[in-house]
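*Asks:* predicted model follows, preceded by the sequence.
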Amino acid sequence: MCEGSVLLSPGESALDEWIQLIGTDRVLTESIQHYGNTTHEGVSPVDAVLLPETRDEVAAILRIATRTRTPVSVAAGGKNWGLGSRIPHGGSRVVLDLCRMNSIREVNERMATMTVEPGVTFREAAMHLRRAGSRHFLSVTNGPADGSVIGNALERGDAVGPYGDRASHVADLEVVLADGRVLHTGMSRFPVCQAKSIDRHGLGPSLDGLFFQSCMGVVTAMSVWLRPKPARFGHLLFELSKEDYSIVDSLAQLALRGVLEPGCLSLWSPSKVLLQAGVSTQYWRGSAAFYGESDAHLGAVAALVAAGIGEHAILAFTTEAEEPAFLQSAYFGWPSDQSSKAIYAPMGFEPPEVLNPDSDRVGLIWLCAAVPFTGDAFSGMMAAAESVPVPEGITATLGFSMHSARVLRGFFGLHFDRDNPSAESSAVAVARRVRETFEERGFYPFRLGSPLIGKPLENGVTERVLDSIRGVLDPSRILMQDRYGFNR
């Protein structure tokens with residue numbers, strides 16, 4: 001088992017073999033320390049960055065790592081800002097960056113699927129579909145637009161619009177194991193199966209879940225599901241007319257009845273509204289998206305929503321005919337950097353053309369928790385967040401998105417200028433305390449960031465079973481990922 005840090009320098013076995021395999025231009029050992037930067041205090045040293053371009057190169061790299069017992073961490077461009085970026089884990093000082101594996105292998109218009117490699121970004125996927133005149137769109141994020149589609153899915157990240165729960169709308173994972181073997185999940189284990197990109201679970205135990213938020217293998221391709229473009233689109237903006245959070249229960253009922261779709265509802269605190277939209281308000285603000293096939297369809301949905309929540313909030317319903325800009329927004333699969341630009345607000349300067357919060361000294365920490373879709377749970381998480389004092393120089397925000405008809409995802413953010421010494425030094429401690437408070441009140445994380453923010457999950461039966469499985473897939477423990485407690 002690999003323990004502690006492994007220092008690499010020219011002349012060492014693994015490094016020399018990697019250079020022989022893919023060349024000096026793709027085994028970087030100089031000017032790479034930005035790979036160890038993130039958006040809060042703490043820097044991880046990096047000795048080498050490997051840039052494979054094919055699945056077979058990944059397999060060969062991992063065979064060398066296993067034979068020489070050299071641990072590696074995996075990244076796909078490193079835009080995981082606020083959640084650890086691309087810093088190496090578990091004592092590894094080698095980053096396997098898959099950003100050059102950027103092929104879109106297939107778009108199946110009939111089945112509405114797209115098969116991509118890890119280096120394909122949301123922007124590239126959207127542009128490909130647009131150039132091809134596709135009838136479909138991919139649910140994307142509001143930032144960063146150049147984030148990895150596969151990286152976002154494997155972290156169980158969220159996107160805007162239907163199919164925004166990325167991890168639930170993928171299939172056909174191609175996975176390279178630590179010994180170089182290639183595993184295909186679901187029906188794709190059968191090479192000529194006609195349902196391989198659309199039947200995700202396949203026959204027998206479903207293995208795909210092992211490769212989300214884990215270090216069991218390196219995913220080198222994945223089929224993601226697309227949504228047909230609607231004939232009509234409606235957008236609802238609402239502001240709570242008073243601090244009456246029973247509106248959340250009414251929204252949940254609309255979701256259970258299918259009026260609201262997962263990924264199509266968000267709720268922002270006043271501080272988040274100010275940071276994201278530059279609008280000062282004392283009330284929570286919500287937005288919802290609706291996709292319809294006719295004016296009558298959209299009108300019926302609007303009437304149901306008004307009947308469901310109209311007594312709780314001030315409503316403003318708009319269609320794409322009134323606001324054509326919606327057709328060029330994330331709601332229609334066109335990614336933007338809106339949210340990523342907003343995190344520069346505490347810095348006192350305009351975001352640069354090329355965003356790089358890690359190097360620009362932007363301070364950002366996200367805490368992500370699963371929350372029951374009820375008014376009590378909504379107000380309970382809000383109270384938990386407000387119970388932890390936040391020092392001057394740090395702005396705290398809270399927002400929720402609809403993950404399903406039963407679950408909200410809560411996003412607590414700490415925003416600060418890393419060149420402010422007091423804010424920089426206290427932000428991690430505040431984040432740890434907030435996470436502890438959330439867990440004390442039953443709001444557990446669905447996604448974790450840097451290990452500095454808190455301890456791994458409890459070492460119970462589930463963790464021991466997963467560690468046993470990892471021992472089969474990666475007996476030398478060369479694939480490192482300590483955010484989720486795998487590097488014991």
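*Replies:* Everything's here; your move.

*Asks:* in which helix or strand does Leu367 reside?
*Replies:* strand 362-372 (DSSP states H and E).

*Asks:* what residues of the next helix or strand after that strand count as buried?
*Replies:* Next helix or strand after strand 362-372 toward the C-terminus (DSSP H and E): helix 375-386. Going by neighbour count (16 or more other Cβ atoms under 10 Å), the buried part of helix 375-386 is 375, 377-378, 380-382, 384-385. All C-beta spots, glycine's among them, are computed from the backbone N, C-alpha and C.

*Asks:* in TSV: those, plus pLDDT and distance to Val175.
*Replies:* Converted to TSV, these look like this (pLDDT from 0 to 100; distance: Cβ to Cβ, whole Å):
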residue	pLDDT	distance to Val175
Gly375	94	41
Ala377	97	35
Phe378	95	37
Gly380	95	38
Met381	96	35
Met382	94	39
Ala384	97	37
Ala385	96	37
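
*Asks:* could you work out the most separated pair of the residues you listed?
*Replies:* Gly375 and Ala385 (16.0 Å; Cβ to Cβ).

*Asks:* the strand holding Leu367 versus helix 375-386: what angle between them?
*Replies:* Strand 362-372 runs at 150 degrees relative to helix 375-386, counting by axes from the mean of the first three to the mean of the last three Cα atoms, to 10 degrees.

*Asks:* so for strand 362-372, what's the average pLDDT?
*Replies:* For strand 362-372, the mean pLDDT works out to 96.

*Asks:* quick one, helices of the stretch 51-200 of the chain?
*Replies:* Secondary structure of the stretch 51-200 of the chain, counting by DSSP state H, counting those that start in this stretch: helices at 55-68, 122-131, 149-154.

*Asks:* tell me which element Ala289 falls in.
*Replies:* Per DSSP H and E: strand 285-292 holds Ala289.

*Asks:* which strands and helices sit next to that strand?
*Replies:* strand 232-240, strand 265-268, helix 295-309 (3 or more Cβ pairs under 8 Å, 6 or more residues apart in numbering; DSSP states H and E).

*Asks:* tell me which of these sits most buried.
*Replies:* The highest mean neighbour count among the helices and strands packed on strand 285-292, using mean count of other Cβ atoms under 10 Å, belongs to strand 265-268: a mean of 23.

*Asks:* packing partners of whichever helix or strand comes after that one?
*Replies:* Using DSSP H and E, the helix or strand that follows strand 265-268 in sequence is helix 270-277. Judged by 3+ Cβ pairs under 8 Å, 6+ apart, the packing partners of helix 270-277 are helix 338-342, strand 394-402.

*Asks:* what is the mean pLDDT for the shortest one?
*Replies:* When pLDDT is averaged over helix 338-342, the result is 90.

*Asks:* stretch 136-147 now?
*Replies:* 92.

*Asks:* now it, how far from the centre of its chain.
*Replies:* Centroid displacement of stretch 136-147 relative to its chain, using Cα atoms, centre = their mean, to the nearest Å, is 11 Å.

*Asks:* what's the answer for stretch 273-286, then?
*Replies:* Chain-centre distance of stretch 273-286: 23 Å, with Cα atoms, centre = their mean.

*Asks:* could the helices and strands packed on strand 285-292 go into JSON lines alongside mean pLDDT and distance to Ile394?
*Replies:* Shown next, in JSON lines, are the helices and strands packed on strand 285-292 (pLDDT from 0 to 100; distance: least, Cβ to Cβ, whole Å):
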{"stretch": "strand 232-240", "mean pLDDT": "90", "distance to Ile394": "25"}
{"stretch": "strand 265-268", "mean pLDDT": "94", "distance to Ile394": "18"}
{"stretch": "helix 295-309", "mean pLDDT": "92", "distance to Ile394": "33"}
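
*Asks:* partners of the strand holding Leu367, with directions?
*Replies:* For strand 362-372, sheet partners with direction are given as strand 407-417 (antiparallel), strand 445-447 (antiparallel), following DSSP bridges.

*Asks:* in JSON lines, list those along with distance to Val49 and mean pLDDT.
*Replies:* JSON lines is the format used below for these (distance: least, Cβ to Cβ, whole Å; pLDDT from 0 to 100):
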{"stretch": "strand 407-417", "distance to Val49": "28", "mean pLDDT": "96"}
{"stretch": "strand 445-447", "distance to Val49": "25", "mean pLDDT": "93"}
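
*Asks:* most tightly surrounded among those strands?
*Replies:* Comparing the strands paired with strand 362-372 by mean neighbour count (mean count of other Cβ under 10 Å), strand 407-417 comes out on top with a mean of 23.

*Asks:* name the next helix or strand downstream of it, please.
*Replies:* Using DSSP H and E, the first helix or strand after strand 407-417 is helix 421-440.

*Asks:* for that next one, packing partners?
*Replies:* Helix 421-440 packs on strand 362-372, helix 375-386, strand 394-402, strand 407-417, strand 445-447, going by 3+ Cβ pairs under 8 Å, 6+ apart.

*Asks:* closest one to Thr281 among the ones you listed?
*Replies:* strand 394-402 (13.1 Å).

*Asks:* check contacts around Tyr35.
*Replies:* 46, 49, 75, 78, 86-88, 95, 97 (Cβ atoms under 8 Å, 6 or more residues apart in numbering).

*Asks:* change it to 10 Å
*Replies:* Shown in contact with Tyr35 (Cβ atoms under 10 Å, 6 or more residues apart in numbering): 28, 44-46, 48-49, 73, 75, 78, 85-88, 93-95, 97, 358.

*Asks:* nearest residue to it in space, please, no chain neighbours.
*Replies:* In this structure, Tyr35 finds its nearest non-sequential neighbour in Val46, 4.5 Å apart by Cβ to Cβ, 6 or more residues apart in numbering.

*Asks:* in its sheet, what does the strand holding Ala289 sit against?
*Replies:* strand 232-240 (antiparallel), strand 265-268 (antiparallel).

*Asks:* nearest to Thr54, of those?
*Replies:* Among these, the nearest to Thr54 by Cβ to Cβ is strand 265-268 (38.6 Å).

*Asks:* which residues touch that closest one?
*Replies:* 142, 158, 160, 164, 236, 238, 240, 245, 247-248, 251-252, 254-255, 272, 274-277, 281, 284-289, 373, 378, 397-403, 408-411.

*Asks:* kindly recompute the last result at 6 Å.
*Replies:* 284-288, 399-402 (Cβ atoms under 6 Å, 6 or more residues apart in numbering).

*Asks:* flag the shaky bits of the stretch 201-350 of the chain, pLDDT-wise.
*Replies:* For the stretch 201-350 of the chain, the stretches with pLDDT under 70 are 241-242.

*Asks:* go with 50
*Replies:* Counting by pLDDT under 50, the stretch 201-350 of the chain contains no low-confidence range.

*Asks:* buried ones in stretch 245-260, by neighbour count?
*Replies:* 245, 247-248, 250-252, 254-255, 259-260.

*Asks:* now swap in stretch 432-450 and tell me
*Replies:* 432, 434-435, 437-438, 443, 445-450.

*Asks:* quick one on the thing from earlier: nearest to Val472, of the helices of the stretch 51-200 of the chain?
*Replies:* Short answer: helix 55-68, nearest of the helices of the stretch 51-200 of the chain by Cβ to Cβ, at 13.4 Å.

*Asks:* follow-up on the earlier one: now list the buried members of the contacts of Tyr35.
*Replies:* Buried among the contacts of Tyr35 by 16+ other Cβ under 10 Å: 28, 44, 46, 48-49, 73, 75, 78, 85-88, 93-95, 97, 358.
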